[in-house]
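Novice: pasting the structure only:
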């Protein structure tokens with residue numbers, strides 16, 4: 001479910017057009033799943049209060065002590081979420 005929310009977040013906050021397509025990368029990096037996209041903020045609309053990202057972080061806190069990581073660097077937005085492993089039976 002977190003992947004869907006992160007993709008929706010990228011679509012919500014970024015301009016997407018034929019001239020400026022939005023490329024969203026989803027990949028595994030060791031113990032994390034990374035979702036990354038270029039920052040192409042929409043020219044209109046309010047500033048984000050990061051409620052969606054806070055909600056994802058709170059959801060993960062129920063299952064792991066590992067936090068989600070949010071980076072906004074060099075024109076790229078990257079969110080890293082820990083891979084959750086099922087409990088051994």
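Specialist: The structure has been received and is ready for your questions. Predicted model only: the values in this text are computed from it and were never measured.
Novice: Measure how far stretch 27-34 is from the centre of its chain, please.
Specialist: 12 Å (CA atoms, centre = their mean, to the nearest Å).
Novice: now swap in stretch 67-85 and tell me
Specialist: On CA atoms, centre = their mean, the centre of stretch 67-85 falls 6 Å from that of its chain.
Novice: Any stretches of this structure with poor pLDDT?
Specialist: Across the chain, residues meeting the criterion (pLDDT under 70) sit at 45-46, 87-89.
Novice: Strands of this protein, residue ranges please.
Specialist: 25-29, 32-38, 69-73, 76-82 (DSSP state E).
Novice: Would you mark the buried spots in stretch 41-58?
Specialist: Within stretch 41-58, the residues that count as buried by 16 or more other CB atoms under 10 Å are 53, 56, 57. C-beta coordinates here come from the backbone N, C-alpha and C atoms, glycine included.
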